[in-house]
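Trainee: Task: produce atomic coordinates for the following.
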Amino acid sequence: MTEASTPPEPELKSLRDRPFELLAQLERRGRAVSAQVSQEEAAGREWVGVALRMAGDLYLVAREETREVLGVPASTTRVPGARSWIKGLANVRGQLLPIIDLRHFLGSGVTPVTRNTRVVVVNHREIPAGLLVDEVLGFRRFAESEFSGDAPPTVARCERYLAGAFRRGQEQWPVLSLRQVLESPAFAEAAA
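Mentor: I've put the predicted structure just below:
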């Protein structure tokens, strides 16, 4: 017994003079793609974050919590009476942006400025901030099933700001909550 094979789908170009058949073929293809996407979503949702390095450790921050990544501004204006972890204000496309040394804020030393040093601009409605980090490595994608609520200890002493970790093989990627950092009482005490 042999299975009946489905006839091959016609090329869309061959249907250009038959609009009804062209629309029917486009609908079939659209439904097939939609069904495939639904199956992929059911298999596991994807979490996307921005990977960064700080004090030698790797971290993830949620893509939704970041607005953009910048190079270190050429000049910042020091804010009198501010804590030492506030590097100053930078003019970014006509907007003043406070530049915060994240490592220094966490109490794990000053971030050395190198050619890899970046400023992660936080996507927060009320608190503008650019966080100075050692390096930004780009986007990383994880299946939600790789998430664990347990966060590993870190060199930068930021455990109180971690929202868990993603684990893939032997790698652990702690998730740093930028919102928790910005909304913490310690961050609000910016005056020296």
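Trainee: how about stretch 22-38: buried residues?
Mentor: Across stretch 22-38, burial judged by 16 or more other CB atoms under 10 Å covers 22, 25. Where you see a C-beta, it was placed from the backbone N, CA and C, and this is true even at glycine.
Trainee: pretty sure Trp173 is in contact with Phe166, am I right?
Mentor: Yes. Between Trp173 and Phe166 there is a contact under CB atoms under 8 Å: 4.5 Å.
Trainee: what touches both of the two?
Mentor: Taking CB atoms under 8 Å, 6 or more residues apart in numbering as the contact rule, Trp173 and Phe166 both touch 49, 60, 140, 142.
Trainee: Would it be right to say that the second one lies in a strand?
Mentor: Yes. Leu60: assigned to a strand according to DSSP: H, G, I helix; E, B strand; the rest coil.
Trainee: So in terms of bridging, what pairs with it?
Mentor: Residues in a beta bridge with Leu60, per DSSP bridges, are Ala51, Val175.
Trainee: list the contacts for it?
Mentor: Counting by CB under 8 Å, 6+ apart, the residues that Leu60 touches are 49-52, 140, 166, 173-176.
Trainee: got the residues you listed as a markdown table, with pLDDT and neighbour count columns?
Mentor: Shown next, in a markdown table, are the contacts of Leu60 (pLDDT from 0 to 100; neighbours: other CB atoms under 10 Å):
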| residue | pLDDT | neighbour count |
| --- | --- | --- |
| Gly49 | 96 | 21 |
| Val50 | 97 | 22 |
| Ala51 | 96 | 15 |
| Leu52 | 96 | 24 |
| Arg140 | 95 | 17 |
| Phe166 | 95 | 21 |
| Trp173 | 94 | 21 |
| Pro174 | 95 | 22 |
| Val175 | 96 | 22 |
| Leu176 | 96 | 29 |
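Trainee: Closest one of the shared contacts of Trp173 and Phe166 to Asp134?
Mentor: Using CB to CB, Leu60 is the member of the shared contacts of Trp173 and Phe166 that sits closest to Asp134, with 14.5 Å.
Trainee: how close does the closest one get to Ala156?
Mentor: Distance, Leu60 to Ala156, using CB to CB, to the nearest Å: 14 Å.
Trainee: ok, now Ala55?
Mentor: On the measure of CB to CB, Ala55 and Ala156 end up 4 Å apart.
Trainee: So which of these two has more stuff around it?
Mentor: Ala156 (22 against 18; other CB atoms under 10 Å).
Trainee: That concludes my questions; thank you for your assistance.
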